[in-house]
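**Student:** following is a predicted model, sequence given first.
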Amino acid sequence: MKSSSSVLLAMAAAACLTASALAGPSHRDIDAAMDVHNQAHYQVETKELLANTQKLYENCFEAVGQLVGGASRGAGDRLPPKLVSSTRVGLEVLSRQATELQLHGETAGIDYMLRILPLEPPFGKAVEQFNASANGMAQAQRARMALQSTAAARNVALQKAQQLAQQGKLQEAFDAINKLWDETIALTVFLPLPEQQRIHDTMASQRAEIIANRNNLARADIIAKLETVSMAQAPNDKALLAELQSAADGLRTNAMVELGGQQRTGPQAVSYFLDEWRKNQMLALRHRGIMWAQRVKIGRTGASQAPPEDESFELAYQEFCGKMSTGLVSLIEAEAARAAAAEAPTLYRQHLDTLAPALSRIDDPTLADRATAALDQLAAKDANLAAEVQAYHQATDEFLRWRERAYGAVAAAYEKASPAFEALVVEQGKSGEGFSGMFEFKDPVAREARLIGSAPEILNVLTKRVLEQPTWIRNLSGLPNKKFCLARLHDRTFATAAWPDVTTAIGDMKLQLSVTEQLPPLTLAATAAVQSADIGDFAAVGGTIKGLYLDGLVSRFAALPDNYSLLLPLGPMPRELPAAQLLNHLMIRSDLQPMWVHHRYFFVDLSAPAAPAN
Amino acid sequence: MGNLCVGWPQGAGAVLLLALLAGCGKEDMANLTNSVTDAASQVKQSVAEATTSQPVTDATAAAKAVLGPAGSMDLTLDAPLKVNGCYVQLIASPAGRSTVLQLKSYRDSEKAKEPFPSVFVRALVPTGTPAELNGQTVSADLFVMKEKDGPVWFTRAAPVKLKITSIVDKQVSAAIESGELFNTATLATVPVQGTFSGELQ
């Protein structure tokens, strides 16, 4: 039984990270439509296509339920023929729209294909029962007569569709052949399979050719549109690096430099470039997502139009991140080269305050040491400051190192008590008897979650297996609302956790570091220790799972919302499989109610009656 | 930083004494003599290198590093633990922050290759002078790691009471009056006892 507070918490977390009206399939609504990136449209806007498809899916689901219910009550002969034929056509249109969504590079398209699969056998069985009944046989007779009387018209319609295709009017041909097909199967559904097959065969090859040509055309158009979007959103790495170099040069001789139309001090310049790097990374992540949407494999459709696989973008971005990290330190070095003794104390503290909270959000293990060396150069400009900083290093460096070591060991012991969230997802998400999940049953190194079953099928099982289960998540960043922390993407999983109350632990750490409002910490490590805790950046959080959400990897990244900016640290992008394979790949998010919190320098057991506060 | 006589390498002397006690043969003695000579030359070379390129304090540190541990710690956790090395620092802040008393089982220069067992003690103390600390009992955080990558024993819930029993000519002695350590492997606490004897750096 969920408590009302945990439900509210999960809803709030969902609202917090859901940019669009379509929240995607979750523990609360396993049948909801998967969200779309909506970056390229063909004929109709993708969101509209998705909404129509979802409605159709719901109708088909309900209709199949009615038919199966009727048949199972032994009333197969009383099934409404109209419902039988409209469901047959509905499933056909659903399949077509699922393909259409795939052509847009949307994971939702794969999901609908998979949602259709479990509907087909029970529908087929219900139809079989109806067709074997007296009513069914009478209906079959009426269908034969109708098919005979419209045979000539069907022939004309088929020829017309072919002519349109020959004239290059592929969309019109596509619409015409689909109309013909839908009208035909609405009748053939009442006939025995061999008889259906004979009629279908009269148009099969022409239909297949028209669909293939039209889909290739649609896919090419969508790939081109995605290219336009991608180019419009491409990050400008070179310009940002040039601006950074120019700022570093400027700070060697001037206390202020112009950036973004404003005069800024050295610490303000660091802050500016941290913001710009984050914006640039969001563009880069979206750009890569759109590149994936262009390159995903959709059967044999559009293969020739897809741009080739290319890792150069990721490699260039990795190089850019290295230069940004070096460049940030060069701003402090430039200040150290220029600053007079009188400026040094203020600049030193401002640089600490600016850089410290960013340290836990940048994926560069060398940055802290390099920045500390630059800051020491700056402190050396003033003998009193240098002595003060040196004493503070001696008084706190080893203490922090031992705290990190000790609380890391405490956390490791707590982590052993439950599986990490990504491990839990693999353990409970593997396909098995009667369950098509997210990983192959026999895959020993399963990491990349994907739709093997549909989203509702996965969530139906997964929610029962993992909701309220204990787990832990790592690398959390506090969200600006100060209500939730976001655990970074790790092996396709990420999470939100309610912001834990660690006020006592922070207070104790400040006391041990001799930090007060008047006496701020004097080293980068100590400043980062305090500030990272203040902004909700934790190494790990353990707790119980209160919510589950599924997202398509490609669809999510191709339109990454701004409130996902902390999903990854500033730094190289995680390596991925070749884009061609990614259309059915998933991201799984959970909401966690924290039970314990591991900060780099403290650990708090929130379930303990009197939590140790150090 | 205290002065140190570097004429005779104490570490090498200890090796020689142990060898004699063990009753080793001529050949072994020759090897040992060579190693004593090597150690002595290393000290000389270290000091020579340090004095030509580094400040005197670094030269002293380099010499100390070759000489082996000074001071010791005797602890009882789940079992008695003898730790070679006890280096005491009293760090006064010029800016009105608390003075920090630290006892480490290793030198700063050894951090990169930390010897184990490794022990770290830290207390915020109200004074900046050693004389005033003499006889005082302070609250201290204590961390112990018997082996690399092993569990950590530490003052998770409350600090230990550490009495500074004497400070004479930079020689500091201290003893734990009471306290418990949390073991990160068992998640249980054990009472801790211990004495410390080391030189104020």
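**Tutor:** Sure, I can see it.

**Student:** from here on, just use CA atoms for contacts and neighbour counts.
**Tutor:** Fine.

**Student:** ranges for the strands of chain A?
**Tutor:** Here chain A has its strands, by DSSP state E, at A:256-259, A:262-265, A:470-478, A:484-490, A:493-498, A:538-552, A:586-599, A:602-605.

**Student:** so which of those gets nearest chain B?
**Tutor:** Checking the strands of chain A against chain B by Cα to the nearest Cα gives strand A:602-605 as the closest, at 9.4 Å.

**Student:** tell me which residues of the closest one are tucked away?
**Tutor:** Neighbour counts over strand A:602-605 (16 or more other Cα atoms under 10 Å in any protein chain shown) mark A:602-605 as buried.

**Student:** so where's chain B shaky on pLDDT?
**Tutor:** For chain B, the stretches flagged by pLDDT under 70 are B:1-68, B:128.

**Student:** around chain A, which positions in chain B sit nearby?
**Tutor:** Residues of chain B that fall close to chain A, judged by Cα under 8 Å from any Cα of the partner chain: B:91-95, B:97-98, B:100, B:102, B:120, B:122, B:124, B:143, B:151-154, B:156-157, B:184-185, B:187.

**Student:** any of those residues buried? List them.
**Tutor:** Buried members of those, counted by 16+ other Cα under 10 Å: B:91-94, B:97-98, B:100, B:102, B:120, B:122, B:124, B:143, B:151-154, B:156-157, B:184.

**Student:** so the residue nearest to residue A:249 when sequence neighbours are not counted versus residue A:260, what's the distance?
**Tutor:** The shortest distance from residue A:249 to any non-neighbouring residue, by Cα to Cα, 6 or more residues apart in numbering or on different chains, is to residue A:334 (7.2 Å). For residue A:334, the distance to residue A:260 (Cα to Cα, to the nearest Å) stands at 19 Å.

**Student:** do residue A:39 as well
**Tutor:** Distance, residue A:39 to residue A:260, by Cα to Cα: 29 Å.

**Student:** looking at the two, which is more packed in?
**Tutor:** Each of residue A:39 and residue A:260 has its neighbours counted (other Cα atoms under 10 Å in any protein chain shown); residue A:39 has more, 22 against 11.

**Student:** can you pull out the helices in chain B?
**Tutor:** In chain B, the helices defined using DSSP state H lie at B:10-22, B:26-53, B:56-67, B:130-133.

**Student:** got it, and the stretch 151-300 of chain A?
**Tutor:** Counting by DSSP state H, counting those that start in this stretch, the stretch 151-300 of chain A has helices at residues A:151-166, A:170-188, A:193-201, A:204-232, A:237-251, A:266-295.

**Student:** just say which of these is most tucked in.
**Tutor:** Across the helices of the stretch 151-300 of chain A, averaging neighbours per residue (mean count of other Cα atoms under 10 Å in any protein chain shown) puts helix A:266-295 on top, at a mean of 22.

**Student:** now for that helix, which elements pack on it?
**Tutor:** Packing contacts for helix A:266-295, counted by 3 or more Cα pairs under 8 Å, 6 or more residues apart in numbering or on different chains; DSSP states H and E, involve helix A:204-232, helix A:237-251, strand A:256-259, helix A:312-338, helix A:344-359, helix A:553-558.

**Student:** chain center to that helix, what's the gap?
**Tutor:** Distance of helix A:266-295 from the chain centroid (Cα atoms, centre = their mean, to the nearest Å) equals 16 Å.

**Student:** what's the burial count for residue A:412?
**Tutor:** Neighbours around residue A:412, by other Cα under 10 Å: 15.

**Student:** and it, how far is that from residue A:485?
**Tutor:** Plainly put, residue A:412 is 20 Å away from residue A:485 if you go by Cα to Cα.

**Student:** show the pLDDT at the residue in the stretch 201-350 of chain A that chain B sits nearest to.
**Tutor:** Proximity of the stretch 201-350 of chain A to chain B (Cα to the nearest Cα) peaks at residue A:345, 12.6 Å away. pLDDT, residue A:345: 96.

**Student:** list the contacts of the nearest residue to it once chain neighbours are set aside.
**Tutor:** Using Cα to Cα, 6+ apart and skipping the chain neighbours, the partner closest in space to residue A:345 is residue A:385 (6.4 Å). Residue A:385 is in contact with A:344-345, A:379, counting by Cα atoms under 8 Å, 6 or more residues apart in numbering or on different chains.
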